[in-house]
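Enquirer: quick one: sequence plus predicted model below, questions after.
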Amino acid sequence: MVRWGAGLRGAVAVSALGLLSGALVVLSSGTAAANNVDLVVDYTCTGGVAKNGPVNLRTTLSIPTTLTVGQPLGVDWSIAYMDGTKFGSPDFFAPKGKVTVTGDVELSGGWYGVLKPTGALEQSGPLRPDTPLELPKGISDAAHTTRATKVKVTPKTLVVDFTPPAGEVMVNDDDPRVQYETGDWQDLNDQDAHHGNHHHDIHRATQKDSRAALEFTGTGIEYVAQRDYRAGRVRFYVDGKETTPAYVDASKEDDGTPTNFANKGGLTLWSLRGLPYGKHRVQVVNDEQDKWAQLDAFRVITDELASPPSQYRATCTLISDPVSVDVTISNTSTPTGSSSPTSTSTATSTPTRSSSPSASSSSSASSSSSASSSSSAAGTTPKPTVTVTATVTPTRATPTTPQVTLVPDGGADTGVGPEQTPGFVLVGAGSAMIFGGVLGGVALRRSRASHAGGRE
């Protein structure tokens, strides 16, 4: 009989704990509210890195529809290609070229301003012309809220920039980009490895005015060739003008003394840095008859750039209908006691926001303090209440695109907030069940004690 009573008490205790736990879970799930709007907005982009034609993007903006003063008004914007059209690399580049996407979100109504959500992604590998560029998955920005009002949020344009990486790219002498325009240039392949030539080959000319040229994109260019006692002087022109230095004599050392080397390749004999970033053209010209003019490679230099080059910018405009979202920012200050109550005309009314943004700010500030320090004519203390509303105001003619999705904050992604069950009802019910279980256990114990006493 004693063992049976202990088991019953354990069961009652476990049941009580289970009921309490269930009540807490229900309370937690009952606090979710649908207060976010997702807008699906489509764009088409032209110019810059969209050099082969328009590129289409599908974007999704997540915007809160209700805030309290002090919370940031944040915009999260996901970016993705819509179809097979993609941005392409504008040239040859080392790894870590960067794609930056910047949005333009207009704020109007209670505030006027612009948010600039921005995000960037470095490309993982080296790039060739038209290599598809990867996009950042999302961009974001936020504004600080300082007063109660209603703000209309409207997505506008996007821009896509490409920033070349700082670095260098080698262009071998037999690269198709190198043009041998005049003269008797010979392509000498399978050179001895100990010569040190780039890719073990070299071009050589002996006629005066033999000319080779390269169009490149960057901020500098270097000439790589052999130092050899049989070589002569070559001149350089960049964008049609003589450079400084204007020439190099490959038969001499850096100090001007004649060299004793033969076929000492892979050397940087001339360089030019500090060009404005962009496309340039370098020419190498043999300046002496019957002397070797040689070309092993060019080294294209790109210095670190302070900002993306304007020629690579693509501009994106809406192809879906324009949309806007109303964001309601509420004042949530609560009444507090005051040692020196003052009489005020606003103490007898419940504070509400005005339709004017400026009136809303002053009303909410005065209402909170007045309600806490003065008595109304009816002898009751007013309690400020805040009415939160959210309005989605698409201006498009059809409901197809952009799509608007309500996202619950803290609940399942169903588009609507769950019904709000009063917390005190659930707590009261759970407490009643627990109390009943405890009373039942006490009664059972008293009965058992009485029964045991009777047997003695």
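Expert: Structure's in. What do you need? Since the model is a prediction, treat every value here as computed from it, not as a measurement. Numbers count the residues shown, from 1 in each chain.

Enquirer: okay, CA-based contacts and neighbour counts for the rest of this
Expert: Will do.

Enquirer: tell me which element Thr332 falls in.
Expert: Thr332 belongs to no helix or strand when assigned by DSSP states H and E.

Enquirer: tally of neighbours for it?
Expert: 17 (other CA atoms under 10 Å).

Enquirer: would you confirm that it contacts Leu67?
Expert: No: counting by CA atoms under 8 Å, Thr332 stays clear of Leu67, with 9.7 Å between them.

Enquirer: secondary structure element for Leu61?
Expert: strand 50-64.

Enquirer: and the next helix or strand after that strand, which strands flank it?
Expert: Later in the chain than strand 50-64, the nearest helix or strand by DSSP H and E is strand 66-68. Within its sheet, strand 66-68 is paired with strand 325-330 (parallel), according to DSSP bridges.

Enquirer: now do the strand it pairs with against strand 50-64, angle only.
Expert: Here the directions of strand 325-330 and strand 50-64 differ by 30 degrees (axes from the mean of the first three to the mean of the last three CA atoms, to 10 degrees).

Enquirer: what part of the chain, helix or strand, is modelled with the least confidence?
Expert: One helix or strand of the chain scores below all others by mean pLDDT, DSSP states H and E: helix 357-373, with a mean of 36.

Enquirer: what residues sit buried inside stretch 142-160?
Expert: For stretch 142-160, a neighbour-count test (16 or more other CA atoms under 10 Å) marks 143, 145, 147-160 as buried.

Enquirer: can you check stretch 82-100 too?
Expert: Buried-residue list, stretch 82-100, by 16+ other CA under 10 Å: 85-90, 92-100.

Enquirer: now for these: which two are most distant?
Expert: Distances among the buried residues of stretch 82-100 were taken as CA to CA; the most separated pair is Thr85 and Ala94, at 23.5 Å.

Enquirer: Val75: neighbour count?
Expert: Residues within reach of Val75, counting by other CA under 10 Å, total 21.

Enquirer: checking my notes, it in a helix, right?
Expert: No: assigned with DSSP: H, G, I helix; E, B strand; the rest coil, Val75 falls outside any helix and is strand.

Enquirer: who does it bridge with?
Expert: Asp141.

Enquirer: separation between it and Thr100?
Expert: 17 Å (CA to CA, to the nearest Å).

Enquirer: do Gln186 as well
Expert: Taking CA to CA, one finds Gln186 at 44 Å from Thr100.

Enquirer: tell me the phi and psi of Gly88?
Expert: Per-residue torsions, Gly88: phi -120, psi 150 (degrees, to the nearest 10).

Enquirer: okay but it is in contact with Ala50, surely?
Expert: Yes: the criterion here is CA under 8 Å, and Gly88 meets it with Ala50 at 6.5 Å.

Enquirer: from Asp201, how far off is Gln179?
Expert: Using CA to CA, Gln179 is found at 16 Å from Asp201.

Enquirer: looking at the two, which is more packed in?
Expert: Higher neighbour count among Gln179 and Asp201: Asp201, with 22 against 15, using other CA under 10 Å.

Enquirer: what's the pLDDT at the more buried one?
Expert: pLDDT for Asp201: 95.

Enquirer: what's around Gly232, how many residues?
Expert: 22.

Enquirer: how about it, what does it touch?
Expert: Contacts for Gly232 (CA atoms under 8 Å, 6 or more residues apart in numbering) come out as 249-251, 286-288, 291-293.

Enquirer: out of those residues, which are inside strands?
Expert: Counted as lying in strands by DSSP state E, out of the contacts of Gly232, are 249, 286, 293.

Enquirer: now Gly74: closest residue in space, sequence neighbours ignored.
Expert: In space, and not counting its chain neighbours, Gly74 is closest to Ala142: 4.0 Å by CA to CA, 6 or more residues apart in numbering.

Enquirer: typo on my end, it should be Gly266
Expert: Asn197 (4.7 Å).

Enquirer: quick revisit: what's the closest of the buried residues of stretch 142-160 to Asp130?
Expert: Nearest to Asp130 among the buried residues of stretch 142-160: Val160, at 15.6 Å, using CA to CA.

Enquirer: against Asp290, how distant is the closest one?
Expert: Note on Val160: its distance to Asp290, by CA to CA, is 52 Å.

Enquirer: same deal with Gln186?
Expert: Distance of Gln186 to Asp290, computed by CA to CA: 14 Å.

Enquirer: and the protein, what are its domains?
Expert: Domain ranges of the chain: 2-30+423-455, 33-166+309-327, 168-302, per automatic domain parsing.

Enquirer: need the least confident one among those domains, by mean pLDDT.
Expert: Note on those: lowest mean pLDDT is at domain 2-30+423-455, with a mean of 46.

Enquirer: still on that earlier bit, out of the contacts of Gly232, which is nearest to Gly266?
Expert: Looking across these and measuring by CA to CA, the closest to Gly266 is Ala250, at 12.2 Å.

Enquirer: what's the neighbour count on the closest one?
Expert: Ala250: 26 neighbours (other CA under 10 Å).

Enquirer: in the stretch 251-400 of the chain, which spans are strands?
Expert: Taking DSSP state E, counting those that start in this stretch, the strands of the stretch 251-400 of the chain run over residues 264-272, 278-286, 293-295, 297-302, 314-318, 325-330, 391-392.

Enquirer: the ones you listed: which one's closest to Leu107?
Expert: strand 325-330 (9.8 Å).

Enquirer: go through that closest one and flag the buried ones.
Expert: Quick answer for strand 325-330 (16+ other CA under 10 Å): 325-330.

Enquirer: quick check: phi and psi at Gln207.
Expert: Note on Gln207: backbone dihedrals following degrees, to the nearest 10 are phi -80, psi 140.

Enquirer: was I right to think it contacts Glu288?
Expert: Yes: assessed by CA under 8 Å, Gln207 is found in contact with Glu288 at 7.4 Å.
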